[in-house]
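J.: pasting a predicted model and its sequence here:
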Amino acid sequence: MVAKKVLSLVFVRDASRILLGLKKRGFGQGWWNGFGGKVEPGETIHEGALRELKEEAGVTGHELQEVGLLKFEFVGDPVLLEVHVFSTTKYTGQPSESEEMKPRWFDVDDLPFSQMWADDSLWFPLLLKGSKFSGYFLFKGHHEILKYTLDEVERLEY
Ligand SMILES: Nc1[nH]c(=O)nc2c1ncn2[C@H]1C[C@H](O)[C@@H](COP(=O)(O)OP(=O)(O)OP(=O)(O)O)O1
């Protein structure tokens, strides 16, 4: 059996904007993304999502909805990444830069897809219209998607 790593990914939105962070180090460095990371032992995925949002963006999320389940494999790497995507319009606090992320609001019509993971431009339209989605992506390196599946779903299945 391949090892599995469970990660969270949180997007805070308002009517026309979405909060992204420029990843300053580690996996996905130099790219804009939501906030998240590895779920730690003893916490739920939802708790991990809230913790990472606070640690990385300095804001407290409320009423997080789980909207997406994305699985990633990388050629030559036995580890399967299982990324749980959350969205909310409710938060308290002001976004502030952390050691890991530099937050910035983006207009949803002007997202920096050339500086994001290649899969994001595929599923962001579903996120932005409020759908739930489930996907699998096989990457070669960190830039090239060799194959993928992506479905809009009624409910997320694990
Ligand atoms: N292909 C992909 N597309 C995407 O949009 N987000 C991805 C992705 N692959 C991983 N992610 C997200 C999931 C998670 O939010 C983040 C990676 O998290 P990290 O590995 O940085 O976790 P941690 O912040 O826990 O790491 P450490 O700081 O080393 O503990 O990138």
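T.: Now that the structure is in, tell me what you want to look at. These numbers were taken from a predicted model, which means no experiment stands behind them. Residues are numbered from 1 along each chain as shown.

J.: quick one, helices of this protein?
T.: With helices called from DSSP state H, the chain shows them at 45-57, 120-128.

J.: what's the lengthiest strand in the chain in contact with?
T.: Among the elements of the chain assigned as strand by DSSP state E, the one spanning the most residues is strand 77-88. With contacts defined as CB atoms under 8 Å, 6 or more residues apart in numbering, strand 77-88 is touched by 2-13, 34, 36, 45-46, 49, 61-73, 127, 133. In short, each C-beta sits where N, CA and C put it, glycine included.

J.: quick one: buried ones out of these?
T.: Among these, the ones that count as buried by 16 or more other CB atoms under 10 Å are 7-13, 34, 36, 45-46, 49, 61, 64, 66-73, 127, 133.

J.: near the ligand, which of the contacts of strand 77-88 show up?
T.: Judged by CB under 6 Å from any ligand atom, the overlap between those and the neighbourhood of the ligand comprises 7-9, 36, 72.

J.: sitting in strands, which of the residues you listed do you find?
T.: Among these, the members falling in strands are 7-9, 72 (criterion: DSSP E).

J.: reformat those residues as TSV; add pLDDT.
T.: What follows is those, written out as TSV (pLDDT from 0 to 100):
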residue	pLDDT
7	98
8	98
9	98
72	98
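
J.: farthest-separated two in the residues you listed?
T.: Checked with CB to CB, those reach their widest spread between 8 and 72, with 13.8 Å between them.

J.: buried set for stretch 114-122?
T.: Counting neighbours by 16+ other CB under 10 Å, one finds that the buried residues in stretch 114-122 are 116-120, 122.

J.: what parts of the chain come near the ligand?
T.: 7-9, 26-28, 33, 36-38, 72, 81, 83, 117, 119-120.

J.: which stretches of the chain have low pLDDT?
T.: 1 (pLDDT under 70).

J.: and if we set it to 80?
T.: Within the chain, the set of residues satisfying pLDDT under 80 comprises 1-2, 158.

J.: please enumerate the strands of the protein.
T.: Using DSSP E, the strands found in the chain span residues 4-13, 17-23, 32-33, 60-62, 65-74, 77-88, 90-92, 101-107, 132-140, 144-153.
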